[in-house]
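*Asks:* Provided below are the primary sequence and the corresponding predicted coordinates.
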There are 2 protein chains.
Amino acid sequence: MPLEIPEVVIDRLPTYYRLLTNLQARGVAVVSSQELGEALNVTPAQIRKDLSYFGRFGKQGRGYSVQRLTDELRTILGLDQRWRMVLIGVGRLGTAIASYRGFEPQGFDIVGVYDVNPEAVGTELGGELVVRNVADLARDLADDPVDIGIVAVPAGEAQAVVDVLVAAGIGAILSYAPTAAQVPAGVEVRQIDPVLSLQGMTYHLRRRDA
Amino acid sequence: MPLEIPEVVIDRLPTYYRLLTNLQARGVAVVSSQELGEALNVTPAQIRKDLSYFGRFGKQGRGYSVQRLTDELRTILGLDQRWRMVLIGVGRLGTAIASYRGFEPQGFDIVGVYDVNPEAVGTELGGELVVRNVADLARDLADDPVDIGIVAVPAGEAQAVVDVLVAAGIGAILSYAPTAAQVPAGVEVRQIDPVLSLQGMTYHLRRRDA
DNA sequence: AAGTGTGAACAAGTTCACAGCC
DNA sequence: GGCTGTGAACTTGTTCACACTT
């Protein structure tokens, strides 16, 4: 697996992986690129090409072993280990993120939560984590690095938080803040913003009826 | 504004729009593609090209009027009207979505909430909306159509909910369910899934240190 | 017979570079 | 002088189509 892998390909792999784990849970042993494509609304050729960047995982005339392909993708994506995350911001949104049950089963653990609000600091969240002061974030990360930062603070405070995370050497940031963060090359950032998604759809809605 | 506009262009417009509303709030009157690009991590040429699909909004030698460009984008994206949404699923996630304060100021209103769970049906959510039975969804939509459906049910129930929405003639679906929905052409679907975002980043994290 | 893996053809999207205008 | 708008050049990504393997 040499060369430069296109970023779009990487972004599709998690959806392949998720479908494959479902198939595996349902006891499916073998699957073709045709079948995968139908379930994911992607052309079979796309799936074969994407996978071919990483190796030759299929068998001609048969398809892909679900077990084998799941394992390969898990390794490729780095999902064969657990990842440690800190959450900054425990307002409405941050609290919801902290209590979200979908991270842990996929290998993502929130190991620290932070806020600026002195009233929030010291309280327990989800019966496990005590909210710490964001002023301690830099020191805490120096003592005990984590892999990923989740930013759930208001737009105006997001860049400051991102700067602390970056200074601490974090490699990836998942931002729920409605603002584009500035980070140096080599730091991954993904943004989650339902409003942007809605606004992309209203463009089409307007045209549908007109 | 004739022609086919590339989908990627549409997807960038909301981020332009959001930055422009910020600039406007801060009293900035004029902005160049250079400045916009720096704030959004996009090349100036990209911004100019994107905007050029819709018209000639800038002035050579000066840049873009923030007011003018904001207004143009609002119209293009269809944000000069309010949009009605129903939310299906009031578990942990659905409840968080219902109480999210970011939709309303942007023109998106949740006008109905639904669940299958008989215990949830009839309860009030956010002191305003009464949770209705998902069995009534089809009839309710026939009586009183909405523009957008938000799906926040478990993976296994998502397709059934999507089918009801589609049958009711809905034009757009925002899905928080961890599964790819099947919809006919002409129905817009966007998926929000933080785990997929994280899994795309771990690929890079793995390589960073190796 | 069926379905992968892949070079080659094609399509889509981005950046360049500069004419034109303010 | 500065910055837009835009064809043309380029780069990136997708699909085709078929040789090859089981």
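*Replies:* Structure's in. What do you need?

*Asks:* Longest helix in chain A, please.
*Replies:* helix A:7-25 (DSSP state H).

*Asks:* and that one, average pLDDT?
*Replies:* In this model, helix A:7-25 has a mean pLDDT of 98.

*Asks:* is DNA strand C contacted by stretch A:196-205?
*Replies:* No - applying Cβ under 7 Å from any atom of the strand, one finds stretch A:196-205 separated from DNA strand C by no less than 13.2 Å. The C-beta positions use only the backbone N, C-alpha and C, and glycine is treated the same way.

*Asks:* how about that stretch as PDB, C-alpha atoms only?
*Replies:* Only the C-alpha atoms of stretch A:196-205 are listed here, as PDB (Å, rounded to 0.1, in the frame of the first residue of the first chain):
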ATOM      1  CA  LEU A 196     -24.800  23.700   7.000                       C
ATOM      2  CA  SER A 197     -26.300  20.400   5.900                       C
ATOM      3  CA  LEU A 198     -29.800  21.800   6.000                       C
ATOM      4  CA  GLN A 199     -28.800  24.900   4.000                       C
ATOM      5  CA  GLY A 200     -27.300  22.800   1.300                       C
ATOM      6  CA  MET A 201     -30.600  21.000   1.000                       C
ATOM      7  CA  THR A 202     -32.800  24.100   0.900                       C
ATOM      8  CA  TYR A 203     -31.000  25.100  -2.300                       C
ATOM      9  CA  HIS A 204     -32.400  22.000  -3.900                       C
ATOM     10  CA  LEU A 205     -35.800  22.200  -2.300                       C
END
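
*Asks:* now check that stretch, is it near chain B?
*Replies:* Yes - applying Cβ under 8 Å from any Cβ of the partner chain, one finds stretch A:196-205 touching chain B at A:196-205.

*Asks:* In JSON lines, list those residues along with distance to A:Val42 and neighbour count.
*Replies:* Listed next are the residues of stretch A:196-205 next to chain B as JSON lines, based on distance: Cβ to Cβ, whole Å; neighbours: other Cβ atoms under 10 Å in any protein chain shown:
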{"residue": "A:Leu196", "distance to A:Val42": "23", "neighbour count": "20"}
{"residue": "A:Ser197", "distance to A:Val42": "20", "neighbour count": "19"}
{"residue": "A:Leu198", "distance to A:Val42": "24", "neighbour count": "27"}
{"residue": "A:Gln199", "distance to A:Val42": "25", "neighbour count": "26"}
{"residue": "A:Gly200", "distance to A:Val42": "20", "neighbour count": "20"}
{"residue": "A:Met201", "distance to A:Val42": "20", "neighbour count": "25"}
{"residue": "A:Thr202", "distance to A:Val42": "25", "neighbour count": "24"}
{"residue": "A:Tyr203", "distance to A:Val42": "23", "neighbour count": "22"}
{"residue": "A:His204", "distance to A:Val42": "20", "neighbour count": "17"}
{"residue": "A:Leu205", "distance to A:Val42": "24", "neighbour count": "20"}
